[in-house]
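Student: please work out how this folds:
(2 chains)
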Amino acid sequence: MTNKDLADLIFPNITKTIEDYEKMYPKRKLDEEACVTRFAPSPTGYMHLGGFFQALIDFNIAKSTNGIFYLRNEDTDQKREVDKAVELIMETLKHYDIIPDEYEYKGEIVGEYGPYIQSERKEIYHTFIKYLIEIGRAYPCFCTKDEINEMRSTQEERKMRPGYYGRFARCNNMSVDEAIKRIKNNEPYVIRFRSNGDFENKIIFNDLVKGRLHLNENDIDDVIMKSDNLLPTYHFAHVVDDYLMHTTHVVRGEEWLPSVPKHIQMFEAFGFEPPKYIHTPLIVKKDGGSIRKISKRKDPEASMSYYDELGYPTLAVIESLMTIINSNYEIWHTENPDKTFLDFKFNPEKMSSSGALYDLDKLDNISKDIISKMSAEELFQKSYEWAKKYSESLTSIIEKDKKYYTSILNIEREKVKPRKDIAKYFDIENLIWYMYDDIYFSKDLEYEWQKITDKEEIKKILKTYISKYYNVESQEAWFDEVKKLAEELGYASNMKEYKNNPELFKGNVADVATVLRVALTSKSNTPDLYEIMNLFGKERVKNRYNKLIEKF
RNA sequence: GGCCUGUUGGUGAAGUGGCUUAACACAUUGCCCUCUCAAGGCAACAUUCACGAGUUCGAAUCUCGUACAGGUCACCA
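Tutor: Take a look at the predicted model:
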């Protein structure tokens, strides 16, 4: 009996060969420098910030080189698979406008190199495994999980390197005849890769981020096909898929670095050229005194849904991540304000090789800047869309009067130095509620009076103002009147004068303006008072002042 | 424990043997501007690049050692 007999016994229905698949998936017709990248998540029901971070790099590399970015669903672990996980990933990518060129979604295959779902590629993997068995580079292993665990404990006790290698790789030396016998006897088995490496040897591996690395050669006979579902493990699927799909650059987290030697060895076993690797640093988090990988269970901000729920503009999330990807991004972006992040040339060498903390303050800052540059109309659209998904109260506010809402957003907007007080759509409601009479009067208002707190004095200021002064023709005209009002009541209208001789006055024009502001909005901090009054119109201003005077 | 990787302010970092008195941005603090706030302007914030030794006329940059941190050692990806 030969290896060929063994291979035929294990895969009796595999008739295609590797060459057949090579013909089916020929080299891509792309420019010389075009890169093919992929985002290959496993569908565990969650879109992790770290995964998105990698997808962003993939997308940037492919787009900036006129290449291809595709999505591959790595669902070989059926135990962990979660319903709707693929939808979540695809919808998240779409939300950020990171649309793969090739993918498989809801039964539709886009692209010539599919299937893009690993569980649908079983026959392909089997063909490749069959070949490996034929040439003696893979073999069935009948060791049970208990036996493997026992072996591991022994190794640990004796302080030996754990793993299925050397003399511990018991099934490696099994004769073909015996293997065939045991398979015919229906004994369960996995297929292992037969490593020809020596752990004492060093291989030199060039990672695009980390540079030249010296790694130990792999000598472990890894499982490449599982016994229960006959699907490959990650390592093997990676080799086959990235070969057939012609991936040029593999972007993945640096937790994969230790398994690089096995991947290279498997590529070599087939005589394939391995892709270029970009092992990205992990996104970490400070937890008390120590630093750890950002985690799905402990950190809400590890999930992409966090940013969507709070209403960060997608561009803000992307740009804040870009600053981690290549810290020269910010400088580049200020020099090229009209270009998008896709025009930026990602340089793996410039990527930091240590873990990065994702700074939420930085995100807020970038986000405020982006929102401040939106037109009122655009902000209206985006915030409305967000509200419909996440905030009933904001939705009802907007739907009362969309024009009015837009004009509120327009306060101190669309100018050279626009207002920057909104970091996320979630913030909006809390910044504008007092602009609505029904909400305003239904609340138990707490007036944030500052220097002037005397009720009689406040009444006097308000009464004088509404009877003599309301003028909103222009900012200057308006403020001139506030100054006149201040003078009439014994307050300084000129701040410098007041500062020089504060004892000559009851206060200054700022104190008076503050009364006008608080009486109108209940808040001491608001956008430009003139603009608010202008928006309200004289009747509403009078109404609010009169109601307050009555209450006192 | 073995192997691998990393360590420049509170944060992201620039830096590749002299042009560094360690850029830039965020955060923080102060001042200015100002009807309040947000913004904006200006300034402060690492006498020093984890520590120790070495190479050199000269080191954050090169070498070695130590410490610390992270990753990884699955029929998970």
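Student: double-check A:Ala492 against A:Glu503; I have them as touching.
Tutor: No: shown here, A:Ala492 and A:Glu503 do not form a contact pair, counting by Cβ atoms under 8 Å, at 10.8 Å. Quick note: C-beta positions are derived from backbone N, CA and C, even for glycine.
Student: these two: which is more packed in?
Tutor: A:Ala492 (24 against 4; other Cβ atoms under 10 Å).
Student: can you pull out the strands in chain A?
Tutor: Assigned strands in chain A, in chain order: A:36-39, A:68-71, A:103-105, A:108-110, A:138-141, A:190-193, A:202-207, A:211-216, A:223-225, A:249-253, A:276-280, A:283-287, A:290-293, A:356-357 (criterion: DSSP state E).
Student: which one of these is the most hemmed in?
Tutor: strand A:36-39 (a mean of 27; mean count of other Cβ atoms under 10 Å).
Student: contacts for it?
Tutor: Strand A:36-39 is contacted from outside by A:28, A:30, A:51, A:54-55, A:57-59, A:61-62, A:67-72, A:93, A:100, A:242, A:245-251, using Cβ atoms under 8 Å, 6 or more residues apart in numbering.
Student: list buried residues within those residues.
Tutor: Among the contacts of strand A:36-39, those scoring as buried are A:51, A:54-55, A:57-59, A:61-62, A:67-72, A:93, A:100, A:242, A:245-251 (criterion: 16 or more other Cβ atoms under 10 Å).
Student: now intersect these with the helices, please.
Tutor: Among the buried ones among the contacts of strand A:36-39, the members falling in helices (DSSP state H) are A:51, A:54-55, A:57-59, A:61-62, A:93, A:242.
Student: which single one of the residues you listed is nearest to RNA strand B?
Tutor: When those are compared for distance to RNA strand B (Cβ to the nearest atom of the strand), A:Gly51 wins out at 9.1 Å.
Student: who touches that closest one in this structure?
Tutor: Taking Cβ under 8 Å, 6+ apart, we find A:Gly51 in contact with A:39, A:41.
Student: how about 10 Å then?
Tutor: Neighbouring residues of A:Gly51 by Cβ atoms under 10 Å, 6 or more residues apart in numbering: A:39-42, A:44, A:89, A:92, A:252-253, A:302, A:304.
Student: equivalent analysis for A:Asp8, please.
Tutor: Counting by Cβ under 10 Å, 6+ apart, A:Asp8 has contacts A:2, A:14, A:130, A:133-134, A:180.
Student: only the buried subset of those residues, as a PyMOL command please.
Tutor: Buried residues among the contacts of A:Asp8 (16+ other Cβ under 10 Å), as a PyMOL selection:
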select buried, chain A and resi 14+130+133+134+180
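Student: narrow the contacts of A:Asp8 to those in helices?
Tutor: Per DSSP H, the contacts of A:Asp8 map to helices at A:130, A:133-134, A:180.
Student: the strands of chain A: which one's closest to A:Pro348?
Tutor: Across the strands of chain A, the minimum distance to A:Pro348, taken as Cβ to Cβ, is reached by strand A:276-280, at 5.1 Å.
Student: for that closest one, what is the average pLDDT?
Tutor: Here strand A:276-280 scores 93 as its mean pLDDT.
Student: quick one: list the elements packing against that strand.
Tutor: Secondary structure elements in contact with strand A:276-280, counted by 3 or more Cβ pairs under 10 Å, 6 or more residues apart in numbering; DSSP states H and E, are helix A:49-64, strand A:202-207, strand A:249-253, helix A:260-270.
Student: residue numbers of the stretch 101-250 of chain A in contact with RNA strand B?
Tutor: Residues of the stretch 101-250 of chain A found near RNA strand B (Cβ under 7 Å from any atom of the strand) are A:144-145, A:148, A:152, A:159, A:161-164, A:188, A:190, A:210-211, A:213-216, A:223, A:226-228, A:231, A:233-234.
Student: the stretch 351-500 of chain A now?
Tutor: Near RNA strand B, when you scan the stretch 351-500 of chain A using Cβ under 7 Å from any atom of the strand, you find A:352-357, A:359, A:361-362, A:364-365, A:368, A:412, A:417-421, A:475, A:479, A:482, A:495.
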